[in-house]
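K.L.:
Need coordinates for the below:
(chains A and B)
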Amino acid sequence: MSFPWARQYEPTNGFMKFLDERLPLPRLVYNAVGAGYPVPRNLSYMWNFGVLAGFFLVAQIVTGVVLAMHYAANAEVAFGTVEHIMRDVNWGWLMRYAHANGASFFFIVVYIHIFRGFFYSSYKAPREMIWLLGVVIFLLMMATAFMGYVLPWGQMSFWGAKVITGLFGAIPLVGEPLQVWLLGGFAPDNAALNRFFSLHFLLPFVIAGVVILHIWALHIPGSSNPTGVEVKKESDTLPFHPYYTAKDGFGLGVILLFFAFMVFFLPNTLGHPDNYIEANPLATPAHIVPEWYFYPFYAILRAFTFDFILSAKLWGVLAMFAAILVWFFLPWLDRSPVRSGHYRPLFRKFFWFGLIPCMVVLFICGGAPAEEPFVMISQIATAYYFLHFLVILPIVSSIEKPEPLPYSITEAVLGEDEDATLGATAAAKA
Amino acid sequence: MIRIGGFLVGIGFTVVVLFSFIMGAYNFATEDKVGAPEYEFYKKPKDVAFAQDGAFGKWDLAQLQRGYQVYKEVCAACHGLQYVAFRDLAQLGYNEDEVKALAAEWINVPDIDPDTGEAIVRPGVPTDNFPSPYPNNVAAAAANNNAIPPDLSLMTKARGDGTAYVYSLLTGYGPIPEELTAKYPEFDTPDGLHFNEYFPNLNIAMAPPITTKDQVTYADGTEATISQMSQDVSAFLAWTAEPKMVERKQTGWVVMLFLLFATILAYFSKQQIWSAAKPKKTK
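P.N.:
Residues are numbered from 1 along each chain as shown, chains lettered A, B, ... in the order given. Reported below is the predicted structural model:
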């Protein structure tokens, strides 16, 4: 693990020496996020978002544990206990707004983290395991966030739960019994609310476990970097501490400024007003929408409007899950030997003018009512989404001619690298 | 193999979704466009300013007290405030004795007789929440032509642009505009409903609650116009929806200033640390 020039931990006092010989926790931290972890010296701010995602996971767990002390998962009183938190619990409003907006910020930083991975092909060998674990984390996050949104038991909670669990009803033969089994009833009620609360409390710790595996897997090859050229020698790297702890500290400050602005000045902007109406199984909201971070996938779900051998609903469900599952196969779909989008002219064009606009369009259509022209636009975007990952990306990676890569990270940063010059001279002589 | 499989799956989903697209586009092109009056004539809430708006907004306590008076004398006949307690009224600037007196004015707080165990009603005390005007939803529906008057505690958060929405709704009653009748002659306001262009459905079950000037006689002598009363009660409902709103914004400024300071420090310490790694000419 790690590079041969990585600094070794040396206990500085008797106690640390004692501890290091029996339970080397300080050594673990030193090697993981300390001076003992050499990191490419050219990481941009796009590489801040993993640490930021970790921060928001911890923040969500801390605020969530406090909220759970005051919340009751019972359909009769759940909505009232949330108002109790907002009105009577000391700083309860802060905990709840931080938790609700924290979920949004967790998704913002994770989306940037994922799209960073797309652009720099961070999924390529030898980092496939990191990528696969990351997609698992994202799926767990989606499940956790969905169940968390049900807990306040407002109108969108209830109807969102009904729509999403209704997706399982589209599965042929076993669908309906499966849906009843998942909900513990024919519609979302106490049984569903209780199990959602239980799972919403459990899953973040599962996420934390997979995050540990994600970071463990990261420490085998080390971080990727904007050039996509692998680390060759010590001058390509800097120790994580103090260089990247300082850089991440600054990044954390910036994102916290945005976060605090939302929590304190626009705390309900990312939510839906209908969720301040208590759940009512007899009154359907005009437009049922999930939380904003699910809009693109919700748009894909709703894009299938006509039966085609299978029912349209089943196609929508399959496509929605496939839209994320396809990420698992990226390391094998993209065969270009070059990682970074900076050196891949054609790939880069499809990323900026294909994938990104496609996601923006899906996002807008997912939040819009299911009427024209949004449905037709989302259908075009859905088609592009699948073509991008499954057709365009494999073809582009085979036919494109990458631009010349720098010899090393050192050369990319310092403008020249002695080894490269020596190598060139040697090659010229030979 | 993965790429061949992926290619087929990708083409498959594309074909199916484009089939939906073609069918949908064909229907869209051939269908008659049916307009909906609810869609065309529904108006966004009016532009109305409140003291608590904006990042520096503060409650106008006199206005909240007036709004409380409007709520008590007008709205409370049909609408509850179940999440608000009488003790919360202290935040409107009333002292302890005044809060006790205000609570005692509400004589229909349900309770259990401590001696006989029978259900009774008694005057409120500060620890009680506002009593509901109806014993249950069935009674509420029966008394109101089957439309249950919603609880108002959270009303301004439960509608988009809620405070302005409440104000617009209260002042938005009127006759059906001529353009609407001209375009949709079949549009009608059924008996028991009332036309209001700020209500998404255009026909609302609530009868105009604030109809005449001086419907409420303000204790502080403010002139009780319809607009004034509507604005005051909207401000009051903004408070009931989020009593901690001003506290939240004020805390926010402290937090933002601290974070700004910490972030600037973090930036310079990052610059300082990274200066050691600045590219050096090796020759």
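K.L.:
Not counting its neighbours along the chain, what's nearest A:R116?
P.N.:
Nearest in space to A:R116, with sequence neighbours left out and distances taken as CB to CB, 6 or more residues apart in numbering or on different chains, is A:M46 at 4.5 Å. Every C-beta, even on glycine, is put in place using the N, C-alpha and C of the backbone.
K.L.:
Which residue, other than its chain neighbours, is closest to A:L213?
P.N.:
A:L133 (5.3 Å).
K.L.:
counting contacts, what elements does the strand or helix carrying the one you found pack onto?
P.N.:
Using DSSP states H and E, A:L133 falls within helix A:128-150. If you count contacts as 3 or more CB pairs under 8 Å, 6 or more residues apart in numbering or on different chains; DSSP states H and E, helix A:128-150 packs onto helix A:92-119, helix A:155-168, helix A:190-218, helix A:312-328, helix A:330-333.
K.L.:
From the chain's centroid, how far away is it?
P.N.:
How far helix A:128-150 lies from its chain's middle: 7 Å, per CA atoms, centre = their mean, to the nearest Å.
K.L.:
That helix to helix A:92-119, inter-axis angle?
P.N.:
Relative orientation of helix A:128-150 and helix A:92-119, computed by axes from the mean of the first three to the mean of the last three CA atoms, to 10 degrees: 150 degrees.
K.L.:
Just the angle for helix A:128-150 relative to helix A:312-328, thanks.
P.N.:
140 degrees.
K.L.:
buried set for helix A:128-150?
P.N.:
A:129-150 (16 or more other CB atoms under 10 Å in any protein chain shown).
K.L.:
OK, now which residue of the stretch 151-283 of chain B is nearest to chain A?
P.N.:
Residue nearest to chain A within the stretch 151-283 of chain B: B:G252 (2.5 Å; CB to the nearest CB).
K.L.:
how many neighbours does that residue have?
P.N.:
B:G252: 19 surrounding residues under other CB atoms under 10 Å in any protein chain shown.
K.L.:
Repeat that for B:I226.
P.N.:
Counted with other CB under 10 Å, B:I226 comes out at 17.
K.L.:
measure the residue lying closest to it once chain neighbours are set aside to B:G172 for me?
P.N.:
Excluding the flanking residues, the one nearest B:I226 by CB to CB, 6+ apart is B:I210, at 5.5 Å. From B:I210 across to B:G172, the span is 11 Å (CB to CB, to the nearest Å).
K.L.:
ditto for B:A266
P.N.:
From B:A266 across to B:G172, the span is 50 Å (CB to CB).
K.L.:
now A:A303
P.N.:
37 Å.
K.L.:
quick one, which of these two is more surrounded?
P.N.:
A:A303 (33 against 19).
K.L.:
Could I get the contacting residues of that one?
P.N.:
Taking CB atoms under 8 Å, 6 or more residues apart in numbering or on different chains, we find A:A303 in contact with A:316, A:319, A:375, A:378-379, A:381-382, B:17, B:20.
K.L.:
Name the nearest of these relative to A:W332.
P.N.:
Closest approach to A:W332 among the contacts of A:A303 (CB to CB): A:A319, at 20.7 Å.
K.L.:
For that closest one, give me its contacts.
P.N.:
Taking CB under 8 Å, 6+ apart, one finds A:300-301, A:303-304, A:382, A:386, B:13, B:16-17 in contact with A:A319.
K.L.:
out of those residues, who's nearest B:D113?
P.N.:
Looking across the contacts of A:A319 and measuring by CB to CB, the closest to B:D113 is A:L301, at 55.6 Å.
K.L.:
quick one: the strands in the stretch 301-430 of chain A?
P.N.:
Read by DSSP state E, counting those that start in this stretch, the stretch 301-430 of chain A holds no strands at all.
K.L.:
tell me which parts of it are close to chain B?
P.N.:
A:303-306, A:308, A:312, A:315, A:319, A:322, A:326, A:329, A:332-333, A:335, A:372-373, A:375-376, A:379-380, A:382-383, A:386-387, A:389-391, A:394, A:413-416, A:418 (CB under 8 Å from any CB of the partner chain).
K.L.:
Apply 6 Å and report the result again.
P.N.:
A:303-306, A:308, A:315, A:319, A:329, A:332-333, A:372, A:375-376, A:379, A:382-383, A:386-387, A:390-391, A:394, A:413-414 (CB under 6 Å from any CB of the partner chain).
K.L.:
Can you select the buried ones among the residues you listed for me in PyMOL?
P.N.:
Per 16+ other CB under 10 Å, the buried members of those correspond to this PyMOL selection:
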select buried, chain A and resi 303+304+305+306+308+315+319+329+332+333+375+376+379+382+383+386+387+390+391+394+413+414
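K.L.:
Tell me which residue in the stretch 201-350 of chain A sits closest to chain B.
P.N.:
Counting by CB to the nearest CB, the stretch 201-350 of chain A gets nearest to chain B through A:F264 (2.5 Å).
K.L.:
in which helix or strand would I find the closest residue in space to that residue that isn't next to it in sequence?
P.N.:
Closest residue to A:F264 apart from its sequence neighbours, by CB to CB, 6+ apart: B:G252 at 2.5 Å. Here B:G252, judged by DSSP H and E, is contained in helix B:245-275.
K.L.:
just checking, B:V166 touches B:D232?
P.N.:
No. With contact defined as CB atoms under 6 Å, B:V166 does not reach B:D232; the gap is 11.0 Å.
K.L.:
Now do the contacts for A:I409.
P.N.:
Going by CB atoms under 6 Å, 6 or more residues apart in numbering or on different chains, A:I409 touches A:40, A:42, A:229, A:236.
K.L.:
Counting neighbours, what do you get for B:P243?
P.N.:
Neighbour tally, B:P243, other CB under 10 Å: 20.
K.L.:
Repeat that for B:A101.
P.N.:
The burial count for B:A101: 11, using other CB under 10 Å.
K.L.:
for the one 10 residues further on, same thing?
P.N.:
Other residues within reach of B:D111, judged by other CB under 10 Å, total 13.
K.L.:
And B:F268, by the same measure?
P.N.:
Look at B:F268: counted by other CB under 10 Å, it has 11 neighbours.
K.L.:
ok, now how distant is the closest residue to A:A125 other than its chain neighbours from A:E291?
P.N.:
Distances taken as CB to CB, 6+ apart place A:P331 nearest to A:A125, at 6.9 Å, with adjacent residues excluded. Note on A:P331: its distance to A:E291, by CB to CB, is 29 Å.
K.L.:
between these two, who's got more neighbours?
P.N.:
Neighbours were counted for A:P331 and for A:E291 using other CB under 10 Å; A:E291 has more, 23 against 19.
K.L.:
Next, give phi and psi for that one.
P.N.:
phi -60, psi 160 (degrees, to the nearest 10).
K.L.:
Name all residues that make contact with it.
P.N.:
A:Y149 are the contacts of A:E291 under CB under 6 Å, 6+ apart.
K.L.:
which intervals of the stretch 151-283 of chain B have sub-threshold pLDDT?
P.N.:
The model of the stretch 151-283 of chain B has pLDDT under 70 over residues B:279-283.
K.L.:
hmm, 50 instead?
P.N.:
Across the stretch 151-283 of chain B, the ranges flagged by pLDDT under 50 are B:283.
K.L.:
surely A:K17 meets A:P11?
P.N.:
Yes. Assessed by CB under 6 Å, A:K17 is found in contact with A:P11 at 4.0 Å.
K.L.:
So between these two, which is more surrounded?
P.N.:
More neighbours surround A:P11 than the other of A:K17 and A:P11, with 16 against 13 (other CB under 10 Å).
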